[in-house]
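pasting the sequence and the predicted model now:
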Amino acid sequence: MGLVTFLKHNYVYLILDIVLVPILASLTYLSILSPALLAVLVVLVNILPKYRDLIDRWQSAKNRDQLRERTKEFNQSLRSFEAKFEQDFLELEELGSENLINYAESVIQLEEETEEDIYLALLYIYLEEESDFSLENHERTSLTQKLQSSLQRFSLVRPTEDDVRLAWGAYQLLCGEPEPYDIEPHNEEFMDTTCFETRFIHEYLHKEQIISLLTSERKEEAEYRNTLAQLYDAGKLSQFGIQQALIELEEELNYVLTDKTHYFILINEIQNDTEIIDDIKQAVLAEGESVYTGSMMLNAGMTSLTLCVCDENWETEEFYDNFVKEPFEKHQADGVLSIHRAKFEGGSIFKQRYEKSEPSGNILRGIESRGLLTTGEVAATLNLREKLIESHLSTDELLSVLPLNLFLPNLPSDQKEVLIENNEGIKTVFEIDRLTDWANPNYTAEEIGRHLHREYFPDDSEQEWIENTEKIIKEAKKVEAALR
């Protein structure tokens with residue numbers, strides 16, 4: 001058995017040495033080749049089978065050196081941030097991960113977990129605002145996602161002590177306070193300043209509050225993101241510089257569609273516990289890999305999609321054991337449909353499909369009909385495009401372009417699309433500039449409802465659209481109140 005294995009792994013060398021080397025030696029004996037050239041050719045003959053391996057090793061070493069240099073430069077930015085607070089809370093390393101935002105999360109070491117969370121959120125704000133370090137596009141996307149996640153529990157209505165400490169740190173960073181900074185405010189007067197409202201509340205909190213209010217459930221969040229995508233596809237967002245977002249999206253996709261291993265997880269959203277997805281994401285991100293999530297209708301049910309883009313080439317079972325098994329068993333949920341392992345070999349086509357996965361026939365047909373595992377772009381853009389659009393819109397711009405269908409999440413999809421397509425016309429008729437203007441329209445609910453019924457939904461009852469308008473006004477008032 002050992003001999004068979006040896007021959008299998010070394011047959012190329014044996015053929016070259018048994019066949020070519022004697023031929024070259026004969027040519028030397030016949031004075032056709034010089035002894036010196038023979039020695040060179042024998043060396044080349046033995047190196048040739050290793051050429052690809054040597055090139056790969058050289059490229060890996062080159063990439064490692066580049067990452068080491070980037071980490072060194074990035075560490076300088078991190079030290080600058082640390083110096084602003086005159087504290088020693090960073091444990092920097094010589095070599096980070098391919099996603100330096102994930103690396104940044106791992107180097108903050110504090111005894112108190114709440115303090116660690118505060119400094120991490122402040123670091124994200126610092127990298128967003130002040131750092132001159134040039135992040136890659138996938139790192140920029142990761143920064144946006146992590147910044148939003150770090151602020152999602154912040155409350156302006158009933159701020160906790162930790163909320164006030166975070167707000168004070170952000171105020172110092174954003175409003176030109178003299179260094180050194182700290183996170184222990186003497187009072188809360190700074191929270192009433194114009195700078196705090198403009199630089200922190202409107203730029204970092206209001207957008208998240210809007211999204212949270214309009215997407216209180218996962219199905220509504222999918223609807224919100226789908227609405228943004230439709231507005232973009234219809235050219236409604238071009239006035240806000242979204243063309244730049246598209247350029248960055250394409251660069252991000254180029255990163256995703258490289259020679260990496262992809263693990264594509266489908267979870268039945270009706271049955272699953274959403275914490276399973278969060279736990280899987282955190283486990284994968286902790287390894288320095290990238291995760292993209294989204295949701296879609298598949299076989300008449302909402303399905304969560306998680307695409308993990310990894311440098312490591314784990315087998316499917318090994319990936320499941322490392323990242324999925326523990327969250328799945330901990331939450332005791334029934335709903336994992338399948339895990340697919342595939343690899344982009346350049347371009348956007350999966351060369352290996354459905355490897356070691358056994359989805360049901362119906363699910364498999366649904367996957368194939370949507371082209372999910374033949375075009376990686378479909379999976380990768382599930383939330384990338386929408387996230388990039390969000391990152392390029394200010395709160396006011398976001399409120400001005402979002403259509404009123406978001407206040408009516410239970411409408412049939414065809415009616416939602418009518419509202420999206422005619423959003424600009426409806427806004428013009430009723431003198432609406434921003435989404436929150438629906439809270440105090442210059443027209444009555446009866447007037448608005450009759451117009452919508454007459455112009456767009458004549459097959460429905462007039463009373464139905466008067467009631468829809470009343471709900472729009474009621475929901476808009478909630479958003480308006482939250483943004484005060």
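Perfect, I can see it now. Owing to the predicted nature of the structure, the values given are computational and were not obtained by experimental measurement.

go through the helix or strand where I473 lies and flag the buried ones.
Per DSSP states H and E: I473 is located in helix 462-482. Residues of helix 462-482 classed as buried: 465-466, 468-469, 472-473, 475-476, 479-480 (neighbour count, 16 or more other C-beta atoms under 10 Å). (Each C-beta comes from the backbone N, C-alpha and C, glycine too.)

what packs against it?
helix 206-214, helix 445-455 (3 or more C-beta pairs under 8 Å, 6 or more residues apart in numbering; DSSP states H and E).

quick one, the last one and helix 462-482 angle?
Pointing back at helix 445-455 there. 120 degrees (axes from the mean of the first three to the mean of the last three C-alpha atoms, to 10 degrees).

hmm, who's touching helix 445-455?
Helix 445-455 has contacts (C-beta atoms under 8 Å, 6 or more residues apart in numbering) with 422, 426, 429-430, 441, 460-470, 472-473.

report the mean confidence score over the helix or strand where F264 lies.
F264 belongs to strand 261-268 when elements are defined using DSSP H and E. Strand 261-268 shows a mean pLDDT of 77.

likewise for stretch 293-313?
What stretch 293-313 shows for mean pLDDT is 70.

next SSE after the strand holding F264?
Assigned by DSSP H and E, the successor of strand 261-268 is helix 274-286.

now the angle from that following helix to strand 261-268?
Put simply, helix 274-286 runs at 170 degrees to strand 261-268, going by the same axes, to 10 degrees.

and helix 274-286, what does it pack against?
helix 100-107, strand 261-268, strand 290-298, strand 301-310, helix 325-331.

buried sites along that helix?
Residues of helix 274-286 classed as buried by neighbour count (16+ other C-beta under 10 Å): 276-277, 279-281, 283-285.

export it as CSV, just CAs?
Taking C-alpha atoms only, helix 274-286 is exported to CSV below (Å, rounded to 0.1, in the frame of the first residue of the first chain):
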residue,chain,number,x,y,z
THR,A,274,-32.7,34.5,14.1
GLU,A,275,-29.9,34.1,16.7
ILE,A,276,-28.7,31.1,14.9
ILE,A,277,-27.7,33.3,11.9
ASP,A,278,-26.1,35.9,14.2
ASP,A,279,-24.1,33.2,16.0
ILE,A,280,-22.9,31.6,12.8
LYS,A,281,-21.9,35.0,11.5
GLN,A,282,-19.9,35.8,14.6
ALA,A,283,-18.1,32.5,14.6
VAL,A,284,-17.1,32.9,10.9
LEU,A,285,-16.1,36.5,11.4
ALA,A,286,-13.9,35.6,14.4
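
quick check: A342 vs K260, distance?
Here A342 is placed at a distance of 10 Å from K260 (C-beta to C-beta, to the nearest Å).

the two: which has the busier surroundings?
The neighbour count for A342 versus K260, taken as other C-beta atoms under 10 Å, is higher for A342 (22 against 19).

quick check: the more buried one is in a strand.
Yes. Counting by DSSP: H, G, I helix; E, B strand; the rest coil, A342 is found in a strand.

which residues does it form a beta bridge with?
Assessed by DSSP bridges, A342 has beta-bridge partners H262.

hang on, isn't it packed against H262?
Yes. When contacts are counted by C-beta atoms under 8 Å, A342 is listed as touching H262 (5.1 Å).

nearest to L92, of the buried residues of helix 274-286?
Sorting the buried residues of helix 274-286 by distance to L92 puts L285 at the head of the list, at 19.2 Å, by C-beta to C-beta.

what angle sits between the strand holding F264 and strand 301-310?
160 degrees.

pull strand 261-268 out as PDB, backbone CA atoms only.
The C-alpha coordinates for strand 261-268 follow below in PDB (Å, rounded to 0.1, in the frame of the first residue of the first chain):
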ATOM      1  CA  THR A 261     -14.100  28.600  -0.900                       C
ATOM      2  CA  HIS A 262     -17.800  29.500  -0.400                       C
ATOM      3  CA  TYR A 263     -20.200  27.900   2.000                       C
ATOM      4  CA  PHE A 264     -23.800  28.800   1.100                       C
ATOM      5  CA  ILE A 265     -26.300  28.200   4.000                       C
ATOM      6  CA  LEU A 266     -30.000  28.100   3.400                       C
ATOM      7  CA  ILE A 267     -32.300  28.300   6.500                       C
ATOM      8  CA  ASN A 268     -36.100  28.200   6.500                       C
END
